[in-house]
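>>> compute the structure for the input listed below.
(2 chains)
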Amino acid sequence: MAEPAFMVADLGILIATATVLSILARKTRQPKIVAYIVTGLLLGPAILNLVGETSTISLMSELGLPFLLFLLGIELRFDEVKPLLKPVLKISALQMILTGGLGFFIARFFAFDVLSSVIIGFAVMYGSTAVIVKLLTEKGEHATVPGKIDIGVLLVQDIVVIILLAVVSSGATDMASLALNVFEFLLLTCTAGAITVLAVRHLLPQITKIPLQDIQTFLVHGIAWLFVFLHLAAFLDLSMEIGAFLAGLALGQLPYRTEFREQIRPLTALFVAIFFITIGLGMNHETLLLYWKEAVLASLILMIGKFTIMFGLTNWQGFLPETSFKSAINMTQTSEFSIVLASIALSQGYISEGVLGFISLVALLTMGASSYLISYNDQIYARFRHLLDYFHSEEKSDVDVLRLEEHAIVVGYNEVVDKIVPLIKDQVDDVVVVDRDPLNEENIDELDCHYIFGDFVHAGIREAAGLERARVIISFSRDMEANMKILEEKPSEALTFLRASDREEAGELYDVGADFILRKDALAAEEFIDTLETYVEEPGAFLRTASDTYRQLGGEHSG
Amino acid sequence: MVEIVETLTLVFLSASLMMLVFHRYNHPTIPAYILAGVLISPLVDETAVLDLAFLGIAFLVFVFGMRLDKDRVYRLVGGHFTTAFLQVALVGSVTFLIAWLWGLKPVDSVVLAMAASLSSSMVATEILSEEGSGNYIHLRISEAVNLVQDLIAIVAFIAIGLWMLPQGQLGSFSLWLGVILVAAVLTREALPVITRVAGGSREIMMLVAVTLLTAFVFAADQAGLTVVVGSFAAGVAVSKFPYNLEMLETTRSLRDFFSAILFVSLGAAVSVPGLRGILVAGGLLFVILLFKPAVTVMSVEYHGYDSRTAYLTAFHLNQISEFSLILAIQLFLAGALDPEIFHAIVLVAAVSMLISSYTSRYGDRIYDFLEEKELIDPVGRFVEEDIDEDLEDHCILVGFGVQGKMIAAFLEENDIPFVIVENDPAKIISARENGYMYVFGDAMEDAVWKTARVEAADLVITTPPLDKISEKAISLDTDASVIVREEDRDKARSLAEQCLFVINSDILTSRRILDHLEKSLESDEYRETLREESMEEMRE
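So this is what the prediction gives:
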């Protein structure tokens, strides 16, 4: 805190530039990672040489990767890809081997030495989770069959990446010690993983039952959990990334995962942004451009090769040609992890700075180009559709995956919801109840509908509930932020009942398009006055009405 | 790196565990953090994470500024500015004088005065959300007083910056202050455009927020002002609802992360104070727990509230503000504040926050106890009424809020005589304007019921959804039928056995909601009519 202005100035310039570039990236449909790396290149020694790494910046940057993997661990849900598990496993295994081989041969062709070529092969064999998941989610395609295949393959790749990162960072020099490292790593990871699973099964439910009634405190508990794992990983000589990933995997098994993910996401976004900016800061234009011709050519070959391999494999697994085409066209880039892997390989002395530059440039180019392919995958498919007829055959079909559509969302559980859910079920197929009080879990389970734990203020929760495709939305939340978001994002024709605390809020919500605003106080008083009327006329009749009121909701009022 | 991970592990693990314990007993978060820090202080070097703690201050004040909705400020501050100002001025100046006369340096005395006079809106809000605001007048007064105090704190930060300004810097000070003001106004105007350009991307809005925050903090630093002023300006600059929705969502978790580090390292920086420190701590605690509440009671009563409300407000505002903590740590790190006094303030902050969570929760019991021991005399001075002396077979209507007003209109229509019992002066005025009979006072007081002639009443209806009032009404020694309000459904059912009827919004409204829902789903025509009719009804 000695010189806050200094620290703030450097951080400020970095983030300000990154902000401008990400807005540009958004306009040109480029992924943010590209914007971040370019930010670093622009401000660092490569071009302007304006900003150096301060201790705060490097601290945040070093937290970037663990937080990214933590988030990845939380998001990893095997049951979501379960119906596709078998084909996905086959596809990803072969895809990685083939793409890795392709990368190796391209590198050899450009006369890189064998070790560098191996690293390049490893670096290019997986696709970018950040780019694909991000763009597919924005397009609402993450729950379609091609989307599920891609995400499934990416999951498998991510696990391989983590193993590779650990192996490379171990710094083995010969095959024997490398094998030993892999063995040691697998053993430790499996042990740690097993302990984690046991802990989650038996310990966490005990802990979470008691005190986590306050949603605001999730973040601190979760981060404490993450840091304990980071510490344990360091203690066991495992990389921090593994620790973070296992921590996330464990938390991901809890019902609170979506809420927690949403709370940790902004923090992760900040650290990850700084992480990629720092990567850019660390490069200078000479190393980046040393092999630029090779990189351009390699990117082109890789993109075509990746598409062909992925299409061939998906088609081989018997999916529809459209599905194969789309899942392949989404997967043509190399991953942000290729840069991470390369920087670690550089620090271990496996590769030269030029090779890091080559790998980084390939990543930047393929990510940039592939985001257009993903954004326009429908149009591209339409153009090439006639060529795909050749791949059609009788026995090809897609597995059904759940996707909420034309459904109803109820935000906030109370006992009225018990009555509402069966009523709506007559009209729509699926009902989702979103609630932020863990104590309501049992009651909601009894309703036999989808249940999401979390605060509807978070975009991720709204996404998970499929707000953009809902037909009926009923919110008992008095949170104006959440209610405004509902009106903003819902389909225009969806029936919307919202709750407001007072007249002003109700007016505002009506203006933006709500169908009916519940002002409980007023509504209850109206109803009460109706009842009171009978009291004025005839006290005996009043008592009958009163006990009726209670009985109709299953009360035991005896009058 | 490894050391920092170690430090952060200790910080968050201790914070998490301490919070589990504290929340189990409904204690607020900040003292949990501070005590966590005190516990781990032998193990960690908190200076390693000071940069992150510094960001904690920035985000804390930033989010506070962002939530300052203009309407909310006007609405709240309007009625209670003098209450807050009186309290701060009186407590602050008395504390300053005592400290100064005792021989402390002016800086130390000013910090102590701020610590004594300002109370914590974060702690108060936490207790508030737990009790459900809106229904209690004393919580509304506290909220307003807190807000005014926070604004006074910001002004104090500017004043202290000016005071500590090196010679000849006034020019650059005013220049940069001007820059901040202009930038804040411009940003405010540009916010809708920024939001549109970002296209609803939360990640970009988070980056925009961090950019603005760092820019304003930098400008404030150039003016010689602290991070508090810069962050506050940045926050106010983006306080335009609903354009800041994404920013609110994302910066909140950044704030929670960094402020946890701030408060834990605050605790870790504390060591056991010496004799002088203990004396200061004792004196400060005395002022906060006894003198300040006395002043609060006085000023709230002076503004026409009944004495129960005044005492409950005082029991809610007896702790140290997070702004005073921030001032203390900044001056401490700059070497301007006596370490003994710094330790004393942090410790008293933790203790007073803990104590106030009890005093505000058990406020009614403490008040009853004091009344029973005849230490306070609420009756006579503050019960005011306008009621016919021979009123009988009437209805006593407690609470003149949304429901109270509707029920009163119904009673008037049906020529049923009634009297309103209410302890909010503003609502009493509106009852008087309607020409209704009323008793101004708290329904917890027997004297109030007596004045409302409960022995001759036919019907009692209470509309505030507060257990204590329902229980009081049911326990009345009267032949009148009693109707109470209870929003918890299970409690409503058990209360229904003991009185004529229970108003429960869930139960009463569910049939209507279901009805509207069913018909809206079946016919679009119904849906349109419903929307039009209910909009019209509301605008009446």
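
>>> ranges for the helices of the stretch 151-300 of chain B?
Counting by DSSP state H, counting those that start in this stretch, one finds helices in the stretch 151-300 of chain B at the ranges B:170-198, B:202-222, B:227-237, B:245-268, B:275-286, B:292-302.

>>> winner for burial among the ones you listed?
The highest mean neighbour count among the helices of the stretch 151-300 of chain B, using mean count of other Cβ atoms under 10 Å in any protein chain shown, belongs to helix B:227-237: a mean of 27. For every residue, glycine as well, the C-beta is placed using N, CA and C.

>>> for the stretch 251-400 of chain A, what spans make up the helices?
For the stretch 251-400 of chain A, the helices defined by DSSP H, counting those that start in this stretch cover A:257-281, A:285-289, A:292-316, A:321-329, A:336-347, A:353-375, A:377-388.

>>> double-check that B:Ile428 belongs to a helix.
Yes: B:Ile428 sits within a helix when classified using DSSP: H, G, I helix; E, B strand; the rest coil.

>>> pretty sure it contacts B:Val439?
No: using Cβ atoms under 8 Å, B:Ile428 is not in contact with B:Val439; the gap is 9.0 Å.

>>> and those two? which has more neighbours close in?
Neighbours were counted for B:Ile428 and for B:Val439 using other Cβ atoms under 10 Å in any protein chain shown; B:Val439 has more, 27 against 23.

>>> can you tell me the helix or strand for the more buried one?
Secondary structure assignment for B:Val439, by DSSP states H and E: strand B:437-440.

>>> try A:Val432
A:Val432 is part of strand A:431-435, with elements assigned from DSSP H and E.

>>> strand partners of that strand, parallel vs antiparallel please.
Next to strand A:431-435 in the sheet, as set by DSSP bridges, lie strand A:408-411 (parallel), strand A:450-453 (parallel).

>>> so where's the stretch 251-400 of chain B uncertain?
Within the stretch 251-400 of chain B, the ranges that satisfy pLDDT under 70 run B:377-384.

>>> which bits of it sit near chain A?
Contacts of the stretch 251-400 of chain B with chain A, taken as Cβ under 8 Å from any Cβ of the partner chain, map to B:251, B:253-254, B:256-257, B:260, B:330, B:333.

>>> what's the most distant pair in the residues you listed?
B:Ser253 and B:Leu333 (26.0 Å; Cβ to Cβ).

>>> leaving out chain neighbours, which residue sits closest to A:Leu94?
Spatial nearest neighbour of A:Leu94, excluding adjacent residues (Cβ to Cβ, 6 or more residues apart in numbering or on different chains): A:Leu313 at 5.6 Å.

>>> from what I can see that neighbour touches A:Ala93, true?
No: if you go by Cβ under 8 Å, A:Leu313 and A:Ala93 don't touch, sitting 9.5 Å apart.

>>> what about these two, which has more around it?
Neighbours were counted for A:Leu313 and for A:Ala93 using other Cβ under 10 Å; A:Leu313 has more, 23 against 14.

>>> now do the contacts for the more buried one.
A:90-91, A:94-95 (Cβ atoms under 8 Å, 6 or more residues apart in numbering or on different chains).

>>> nearest to A:Pro31, out of those: which one, please.
Among the contacts of A:Leu313, and counting by Cβ to Cβ, the member closest to A:Pro31 is A:Gln95, at 21.0 Å.

>>> helix/strand/coil for the closest one?
Secondary structure, three-state DSSP: A:Gln95 is helix.

>>> swap in the one 10 residues further on?
A:Phe105 falls in the helix class when you classify it by three-state DSSP.

>>> gap between it and A:Val114?
According to Cβ to Cβ, to the nearest Å, A:Phe105 and A:Val114 sit 12 Å apart.

>>> the two: who's more crowded?
Legend: neighbour count by other Cβ under 10 Å for A:Phe105 and A:Val114, higher for A:Phe105 (14 against 10).

>>> which residues in the chain form strands?
Picking chain A for this. In chain A, the segments counted as strands under DSSP state E are A:408-411, A:431-435, A:450-453, A:472-475, A:495-499, A:516-518.

>>> chain B was what I was after
With strands called from DSSP E, chain B shows them at B:384-386, B:395-398, B:418-422, B:437-440, B:459-462, B:481-485, B:501-503.

>>> go ahead and flag the most central residue of the chain.
You didn't say which chain, so I picked chain A. Compute the mean C-alpha point of chain A, and by Cα atoms, centre = their mean the closest residue is A:Glu75, 5.9 Å away.

>>> the intended chain is chain B.
B:Glu143 (3.6 Å).

>>> if I look at it, what pLDDT would I see?
B:Glu143 carries a pLDDT value of 84.

>>> out of the strands paired with strand A:431-435, which is closest to A:Met125?
Across the strands paired with strand A:431-435, closest to A:Met125 is strand A:450-453 (Cβ to Cβ), at 35.0 Å.

>>> how many other residues sit next to A:Glu493?
So A:Glu493, with other Cβ under 10 Å, has 8 neighbours.

>>> I should have written A:Glu259 there, sorry.
Considering only other Cβ under 10 Å, A:Glu259 is surrounded by 24 other residues.

>>> that one contacts A:Val457, correct?
No: the pair A:Glu259 and A:Val457 fails to qualify as a contact (Cβ under 8 Å) at a distance of 10.2 Å.

>>> if we can go back for a sec, including distance to A:Tyr291, could the helices of the stretch 151-300 of chain B go into TSV?
Below are the helices of the stretch 151-300 of chain B laid out as TSV (distance: least, Cβ to Cβ, whole Å):
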stretch	distance to A:Tyr291
helix B:170-198	36
helix B:202-222	32
helix B:227-237	44
helix B:245-268	39
helix B:275-286	65
helix B:292-302	71
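
>>> which of those helices sits closest to B:Asp479?
The closest of those to B:Asp479 is helix B:292-302. By Cβ to Cβ, the value is 34.7 Å.

>>> pLDDT weak spots in the stretch 101-250 of chain B?
Applying pLDDT under 70 to the stretch 101-250 of chain B flags the ranges B:127-135.
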